[in-house]
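Novice: Have a look at this fold, sequence not included:
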């Protein structure tokens, strides 16, 4: 079962957490902009190498495959892009939520068959504190709530 970070604040509602989370995400995005960097996998991690070109002859017809200047197929040295500020933006978001009084706990994510529609509907009010054996179910794009062990259907 995978785990998720569940932000909890005594007395807060799912709707309030959803708003707070949105505002912190927006603020983090504004304060820590995207910094896209382009890099190539280093040769010590994924060496660049070339396979030899091959020539196959059938009768009087020969075919050469892999025609690069260095040989056949090229492996390694892939180019990729990444956001150099992603971890800083996440840290800003976490500190923003903490400044609003949220504490974060790592809890298991509820399996999709573990929570009935009835239970989900009842979870839309106040946030619940995590307890041993509980799991978290998503209710909105940014918020969820705790399902206690005796409420689970699995």
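Specialist: Alright, I've got the coordinates. Source: prediction; values computed, not measured.

Novice: Quick check: the gap between the residue of the chain most remote from its centre and residue 53.
Specialist: Farthest-out residue of the chain from its mean C-alpha position, per Cα atoms, centre = their mean: residue 60, at 55.9 Å. Separation of residue 60 from residue 53 (Cβ to Cβ, to the nearest Å): 20 Å. (Glycine included, C-beta is placed from N, CA and C.)

Novice: swap in residue 17?
Specialist: On the measure of Cβ to Cβ, residue 17 and residue 53 end up 60 Å apart.

Novice: of the two, who's got more company?
Specialist: The neighbour comparison of residue 17 against residue 53 (other Cβ atoms under 10 Å) goes to residue 17, with 25 against 14.

Novice: where exactly do the strands run in the protein?
Specialist: Per DSSP state E, the chain carries strands over the ranges 3-8, 36-40, 49-50, 54-58, 61-65, 74-75, 79-83, 103-108, 135-138, 144-147.

Novice: So what would you say the end-to-end distance of stretch 23-37 is?
Specialist: Using Cα to Cα, to the nearest Å, the end-to-end distance of stretch 23-37 comes to 27 Å.

Novice: how far out from the middle of the chain is it?
Specialist: Remark: stretch 23-37 is offset 16 Å from the chain centroid, using Cα atoms, centre = their mean, to the nearest Å.

Novice: How about stretch 34-43?
Specialist: 19 Å.

Novice: per-residue confidence at residue 60?
Specialist: pLDDT recorded at residue 60 is 80.

Novice: just residue 134 next, same as before
Specialist: 94.

Novice: Distance-wise, check the nearest residue to it once chain neighbours are set aside relative to residue 120.
Specialist: Excluding the flanking residues, the one nearest residue 134 by Cβ to Cβ, 6 or more residues apart in numbering is residue 146, at 4.8 Å. Distance of residue 146 to residue 120, given as Cβ to Cβ: 12 Å.

Novice: Much appreciated, bye for now.
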